[in-house]
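*Asks:* after the sequence you'll find the predicted model.
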Amino acid sequence: MYKKILVAMDGSDTSVEALDEALRMASVTQGDLRVVCVVDQVPFLPYAGYYDPGALIDAARKDSAKVLENAQNAIARMGMKGDTELAETESVADDVPTCLKRCADRYGADLVVMGTHGRRGLKRMMLGSVAERFLRITTVPVLMVRGTDTAAGA
């Protein structure tokens, strides 16, 4: 059974639904949770001439820390075992899915739980899919939780 469950969160309602599902799964398997939030530094770098990318990255870190604090509170309310990790992409060649894979490998995850927004068409092409890319590079089983936000799938 799944004893080490990694949950990827980005602060969206869909990732909160993924955490809820992971909590249910961990309660059945008596598993431990690790909640990971990744700060992707790369999108901020092109704005270095216009804005202070350090300030933008710091703001992203603060937002991610709040996401992780809320996740830790949810874990505690359920009386579960778990911790959180704030991860960051390491270079311009790095991306969120690769960073999540490193986290899952380092943790020794038996299962990764993540949300998917279910974007299609132009939105998917423009925004990409962290979930899809992660599925393509990991060897760990993945539970995808489809968000109930109908606006995300348009």
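*Replies:* Sure thing, it's come through.

*Asks:* could you find the closest non-adjacent residue to residue 136?
*Replies:* Of all residues beyond its chain neighbours, the one nearest residue 136 is residue 97 (8.0 Å), with distances taken as CB to CB, 6 or more residues apart in numbering. (Each C-beta comes from the backbone N, C-alpha and C, glycine too.)

*Asks:* would you list every one of the helices in the chain?
*Replies:* Under the criterion DSSP state H, the chain contains helices at 13-29, 53-77, 96-107, 121-127, 130-137.

*Asks:* mean neighbour count and distance to residue 144 for those - can I get that in CSV?
*Replies:* Listed next are the helices of the chain as CSV, based on neighbours: other CB atoms under 10 Å; distance: least, CB to CB, whole Å:
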stretch, mean neighbour count, distance to residue 144
helix 13-29, 19, 8
helix 53-77, 15, 18
helix 96-107, 19, 13
helix 121-127, 11, 15
helix 130-137, 17, 6
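
*Asks:* what's the closest of those helices to residue 148?
*Replies:* For those, proximity to residue 148 was assessed by CB to CB; helix 13-29 is nearest, at 6.8 Å.

*Asks:* which residues touch that closest one?
*Replies:* 1-3, 5, 7-9, 31-33, 35, 67, 71, 74-75, 78, 80, 82, 111, 113-117, 143, 145-149, 152 (CB atoms under 8 Å, 6 or more residues apart in numbering).

*Asks:* can I get it as PDB, trimmed to CA atoms?
*Replies:* Coordinates of the C-alpha atoms in helix 13-29 are reproduced here as PDB (Å, rounded to 0.1, in the frame of the first residue of the first chain):
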ATOM      1  CA  ASP A  13      -8.700  25.100  -5.400                       C
ATOM      2  CA  THR A  14      -7.800  22.000  -7.500                       C
ATOM      3  CA  SER A  15      -4.700  21.400  -5.400                       C
ATOM      4  CA  VAL A  16      -6.700  21.700  -2.200                       C
ATOM      5  CA  GLU A  17      -9.000  19.000  -3.600                       C
ATOM      6  CA  ALA A  18      -5.900  16.900  -4.300                       C
ATOM      7  CA  LEU A  19      -4.800  17.300  -0.700                       C
ATOM      8  CA  ASP A  20      -8.200  16.300   0.600                       C
ATOM      9  CA  GLU A  21      -8.000  13.100  -1.500                       C
ATOM     10  CA  ALA A  22      -4.500  12.400  -0.300                       C
ATOM     11  CA  LEU A  23      -5.600  12.800   3.300                       C
ATOM     12  CA  ARG A  24      -8.400  10.200   2.700                       C
ATOM     13  CA  MET A  25      -5.900   7.900   1.000                       C
ATOM     14  CA  ALA A  26      -3.400   8.300   3.900                       C
ATOM     15  CA  SER A  27      -6.100   7.600   6.500                       C
ATOM     16  CA  VAL A  28      -6.800   4.300   4.800                       C
ATOM     17  CA  THR A  29      -3.200   3.200   4.300                       C
END
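
*Asks:* no more questions from me, cheers.
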